[in-house]
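Engineer: I'll drop the sequence and a predicted model, then ask my questions.
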Amino acid sequence: MITTLKAEEASQLQLVEREDIDDEEDLFESIDKLISAGINAGDVKKLQDAGIYTCNGLMMHTKKNLTGIKGLSEAKVDKICEAAEKIVNFGYITGSDALLRRKSVIRITTGSQSLDELLGGGIETSAITEAFGEFRSGKTQLAHTLCVSTQLPTNMRGGNGKVAYIDTEGTFRPDRIIPIAERFGMDPAAVLDNIVYARAYTYEHQYNLLLGLAAKMSGEQFRLLIVDSVIALFRVDFTGRGELAERQQKLAQMLSRLTKIAEEFNVAVYMTNQVIADPGGGVFISDPKKPAGGHVLAHAATIRLMFRKGKGEQRVCKVFDAPNLPEAEHVFQITPGGIADAKD
């Protein structure tokens, strides 16, 4: 049972500043450091205008992409990359160092203890967690619960950070946040103020919203990015087999951007996905379904969760694919206060 915060403390709930997080400053280096390395301030401004706010983020771009930025020649790009390489180590590290870096990963509670146990502690940062399933299987309900639980202090299994929510299906309901915040003993108004929300209408709009997030995340402490759902606009904007190859290429670029955001800012990315009929699913399954997006989406997601309906308000979550979790499933329940443990 999560301890309820006192009302007067909850109303003044302040997110811990970025500097106060242990080793947080080591996670990324500001792009402004290039100026002290001899790079022209005007060129740094051009990088920021293109959505690049950290040296880590800069190193995640190809030189071809960087020369596409207006005003940056090949010679300038070479000089910028050379300076960034001296600031950020993007080469080999030992396994021990990799283990040390993993200690910065935060696991955010889902609101259900059994679901947290299934996920090894909760939704983890620096990774993409994909939830797929039919409508009414609980994907968006988990998204709303995470909007609140992410803002809890880390000692209460939260992320102590803000939330960015990109909505492609028009299913975000701010009034749903209020009872969930009250369940966790938090001030609903403060919780809503710490959620930045955008409604996307085309796949291009969706991608541009991701580019704009870098500016916010470099200046404020975010711990969660929700995309609900990642595939919906691609299924609308691209039709027929003739456009399938282009759709998958654009989807891959979008997912690559999500991966970079997750690792660059130590943010948990939670994206929902739709399902499609699977005619080759087998004769033993009455209504076989598989996640949309194909292999491109399957390889991009770090952890894949399959949701399905249970009895009444109960739902079942199964670990479909994960690098460090066994294949298992747990039952949870949708309550007025969000996701919770199932009641017998």
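Structural biologist: Okay, I see it.

Engineer: For Gln333, which residues are in contact?
Structural biologist: Ser112, Glu313, Gln314, Arg315, Ile339, Ala340, Asp341, Ala342, Lys343 (CB atoms under 8 Å, 6 or more residues apart in numbering). Every residue, glycine included, has its C-beta placed from N, CA and C.

Engineer: Just the closest of the residues you listed to Ile128, please.
Structural biologist: Nearest to Ile128 among the contacts of Gln333 is Ile339, at 19.3 Å by CB to CB.

Engineer: where does that closest one land in three-state SS?
Structural biologist: Following DSSP: H, G, I helix; E, B strand; the rest coil, the label given to Ile339 is strand.

Engineer: so what's it bridging to?
Structural biologist: Counting by DSSP bridges, Ile339 is bridged to Ile334.

Engineer: where's it relative to Arg315, distance?
Structural biologist: According to CB to CB, to the nearest Å, Ile339 stands 9 Å off from Arg315.

Engineer: shared neighbours, the two?
Structural biologist: Common contacts of Ile339 and Arg315 (CB under 8 Å, 6+ apart): Gly138, Phe332, Gln333.

Engineer: Hmm, which of these is lowest in pLDDT?
Structural biologist: Ranked by pLDDT, the shared contacts of Ile339 and Arg315 bottom out at Gly138 (91).

Engineer: count of neighbours near the residue nearest to that residue when sequence neighbours are not counted?
Structural biologist: Leaving aside its sequence neighbours, Gly138 sits nearest to Arg315 (CB to CB, 6 or more residues apart in numbering; 4.0 Å). Neighbour count for Arg315, taken as other CB atoms under 10 Å: 26.

Engineer: and Arg315, that one's in a strand?
Structural biologist: Yes - with three-state DSSP as the criterion, Arg315 is assigned to a strand.

Engineer: ok, what's across the strand from it?
Structural biologist: Listed beta-bridge partners, Arg315: Lys309, Phe332 (assigned using DSSP bridges).

Engineer: Now stretch 250-269: buried residues?
Structural biologist: Residues 250-252, 254-255, 257-269 are the ones in stretch 250-269 that count as buried (16 or more other CB atoms under 10 Å).

Engineer: Could I get the average pLDDT for that stretch?
Structural biologist: Here stretch 250-269 scores 94 as its mean pLDDT.

Engineer: could you pull out the strands for this structure?
Structural biologist: Under the criterion DSSP state E, strands of the chain are mapped to 107-108, 123-124, 127-132, 162-167, 195-199, 222-228, 268-273, 275-277, 289-291, 303-309, 314-321, 329-335, 338-341.

Engineer: Which of those strands sits closest to Glu243?
Structural biologist: That would be, of the strands of the chain and by CB to CB, strand 275-277, which comes in at 16.3 Å.

Engineer: Let me see the mean pLDDT of that closest one.
Structural biologist: The model assigns strand 275-277 a mean pLDDT of 86.

Engineer: Listing partners with orientation, what would you give for it?
Structural biologist: Using DSSP bridges, strand 275-277 pairs in its sheet with strand 289-291 (antiparallel).

Engineer: Let me see the mean pLDDT of the partner strand.
Structural biologist: For strand 289-291, the mean pLDDT works out to 87.

Engineer: what sits up against that strand?
Structural biologist: Contact with strand 289-291 is made by 130, 132, 134, 273-278, 281, 297-298, 304, 306, as judged by CB under 8 Å, 6+ apart.

Engineer: what about it, distance to the chain center?
Structural biologist: Put simply, strand 289-291 sits 21 Å off its chain's centre (CA atoms, centre = their mean, to the nearest Å).

Engineer: Could you shift the numbering so residue one becomes 23, and keep it that way?
Structural biologist: I'll keep to 23 as the first residue from here, and by that count the last item is strand 311-313.

Engineer: which helix in this structure runs the most residues?
Structural biologist: If you go by DSSP state H, the chain has its longest helix at helix 266-287.

Engineer: Can you give the domain ranges for this structure?
Structural biologist: The record's domain split for the chain, according to automatic domain parsing, is 51-109, 124-363.

Engineer: Including distance to Ile115, could those domains go into JSON lines?
Structural biologist: Shown next, in JSON lines, are those (distance: least, CB to CB, whole Å):
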{"stretch": "domain 51-109", "distance to Ile115": "14"}
{"stretch": "domain 124-363", "distance to Ile115": "12"}
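
Engineer: Determine which residue lies closest to the centroid of the protein.
Structural biologist: Centroid-nearest residue in the chain: Val291, 1.2 Å away (criterion: CA atoms, centre = their mean).

Engineer: list the contacts for that residue?
Structural biologist: By CB under 8 Å, 6+ apart, the residues touching Val291 are Ala149, Ile150, Thr151, Leu246, Leu247, Ile248, Val249, Leu280, Thr281, Ile283, Ala284.

Engineer: Look up how far Thr261 lies from the closest residue to Glu191 other than its chain neighbours.
Structural biologist: Closest residue in space to Glu191, ignoring its immediate chain neighbours: Ala254 at 5.3 Å, by CB to CB, 6+ apart. Using CB to CB, Ala254 is found at 14 Å from Thr261.

Engineer: So if I had to pick from those two, which one is more boxed in?
Structural biologist: Between Ala254 and Thr261, counted using other CB under 10 Å, the more crowded position is Ala254 (21 against 10).
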